[in-house]
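> here is a sequence with its predicted model. Questions after.
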Amino acid sequence: MNATIYRKLIAKQLNENFKSAVEIVEVSIPKPGVNQLLIQNKFAGVNGGFDTLICRGDVPYVNLIPPFDLGVEAVGEIVAMGENVKDFQIGDAVITTARGGGYREYQVVDANLAVKVRQATPELLTLMPTGVSALVALEQVGEMKSNEVVLVTAAAGGTGHIAVQLAKLAGNHVVGTCSSEAKANLLRELGCDRIINYRTENLNQALKQEYPNGINLIFDCVGKQVFDTCIDNLAIRGRLVVVGFISEYARDVEQITQPRIYHQLFWKAASVRGFLMPHYQEHIPEARDRLLNLFYTGKLKVAVDPTQFQGLESIPSAVQYLLSGQNSGKVVVQF
Ligand SMILES: NC(=O)c1ccc[n+]([C@@H]2O[C@H](COP(=O)([O-])OP(=O)(O)OC[C@H]3O[C@@H](n4cnc5c(N)ncnc54)[C@H](OP(=O)(O)O)[C@@H]3O)[C@@H](O)[C@H]2O)c1
């Protein structure tokens, strides 16, 4: 390996706007220590919501003070290894999920945090941690069953398109929301039973008319009015999993004056449950292995958004693209 310097994207200051918070810096490529791998990142997954919130200082469980590293998941190749590393070789393709490990050209990680994969392809970034989040949220938090009605919002997105398929594989009737015909086509290919394009149909009316008994399990990524509509359409003993609230990430929060939601929950014995992947760490290995198996055996289709983002410079545009709601599938950046 000849290179000695690499580049990474850091948050230099907290700012409402991701682009204004970040800068690219050059640093020396570190040597891997005992039990460590040096990985050359080939692709990183873009998590526009988390990236924006962390650069605003709005992720309470981390509370980072700038400067700090950005990005999470990456797929790449091992270019050097420290002493004592077993089960890996130089040239192996690996996927990593470490806060600060994504938006950089190289990273050093403990070998036990890298997962060997067949090839360093962007498709794998739909699985970890995105797909893992979908699986754990549905099963552990949503107590997913079979023969129920499951609603997934932002269904054609990185997280949503995996959630749709997992809910189908579990034997449910799946309703997915999206904002365009192209996304509806993707959802059709994935086997979504009822696709609601919320720009051409009224979500509340469609749910009320077609699902008068309500929705048993809701995987909500969107928040705001969509969350209110979801609560209003829960079935008796329905569960709503708060996976995210992307409609709030790009703008300020709104003031709301309406009855507290316990009125709606109480009379249906329904529940709202928050989900945050870092609080469900113990479920990650099993979920990851199941997803890899489903993917490699062709039972799970994965969608990577076709828009090309090349290099660290493109990451603010990729974040903006995701938050503008245009993407279909997982947004990735290539190094
Ligand atoms: N809790 C966790 O641990 C965890 C882990 C991973 C992801 N998440 C959450 O999962 C959600 C999806 O994340 P992702 O990274 O996979 O993104 P994504 O779904 O690939 O992209 C976001 C999608 O949200 C939809 N959307 C709906 N209303 C929107 C609005 N008002 N503004 C912007 N977008 C809107 C857009 O599609 P349509 O408009 O077509 O629906 C857009 O394509 C986010 O809320 C994220 O925070 C949470």
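Done, it's in. Just so we're clear, the structure is a prediction, and the values are computed from it rather than from any experiment.
> near the ligand, which residues of this protein?
Within the chain, the positions adjacent to the ligand are 47, 49, 130, 133, 154, 156-160, 177-179, 183, 221-222, 243-244, 246-247, 275-277, 322-323, 325, 327 by CB under 6 Å from any ligand atom. Placement of C-beta: from N, CA and C, glycine included.
> which ones among those map onto helices?
49, 133, 158-160, 183, 322-323 (DSSP state H).
> quick check: the two most widely separated of these?
133 and 183 (19.7 Å; CB to CB).
> so this protein: which segments form each domain?
5-120+305-334, 129-278 (automatic domain parsing).
> let's have the ones you listed in a markdown table, adding mean pLDDT and mean neighbour count.
Listed next are the domains of the chain as a markdown table, based on pLDDT from 0 to 100; neighbours: other CB atoms under 10 Å:
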| stretch | mean pLDDT | mean neighbour count |
| --- | --- | --- |
| domain 5-120+305-334 | 97 | 18 |
| domain 129-278 | 96 | 19 |
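> tell me the centre residue of this structure?
residue 130 (3.7 Å; CA atoms, centre = their mean).
> contacts only, for residue 4.
28-29 (CB atoms under 8 Å, 6 or more residues apart in numbering).
> next, count neighbours for residue 123.
Neighbourhood size, residue 123 [other CB atoms under 10 Å]: 18.
> that one belongs to a strand, doesn't it?
No: using DSSP: H, G, I helix; E, B strand; the rest coil, the secondary structure at residue 123 is helix, not a strand.
> list the contacts for the residue nearest to the centre of the chain?
45, 47, 73, 158-159, 162, 330.
> what's the spacing between residue 140 and the ligand?
12 Å (CB to the nearest ligand atom, to the nearest Å).
> do you know how far that residue is from residue 276?
Going from residue 140 to residue 276 by CB to CB, to the nearest Å gives 12 Å.
> okay if I get the domains of the chain as a markdown table plus distance to residue 287?
Below are the domains of the chain laid out as a markdown table (distance: least, CB to CB, whole Å):
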| stretch | distance to residue 287 |
| --- | --- |
| domain 5-120+305-334 | 12 |
| domain 129-278 | 5 |
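> show me the contacts for the residue of the stretch 51-200 of the chain found nearest the ligand.
Relative to the ligand, the nearest point of the stretch 51-200 of the chain is residue 157 (1.8 Å; CB to the nearest ligand atom). By CB under 8 Å, 6+ apart, residue 157 lies in contact with 221, 327-330.
> residue 254 too?
By CB under 8 Å, 6+ apart, the neighbours of residue 254 are residue 224.
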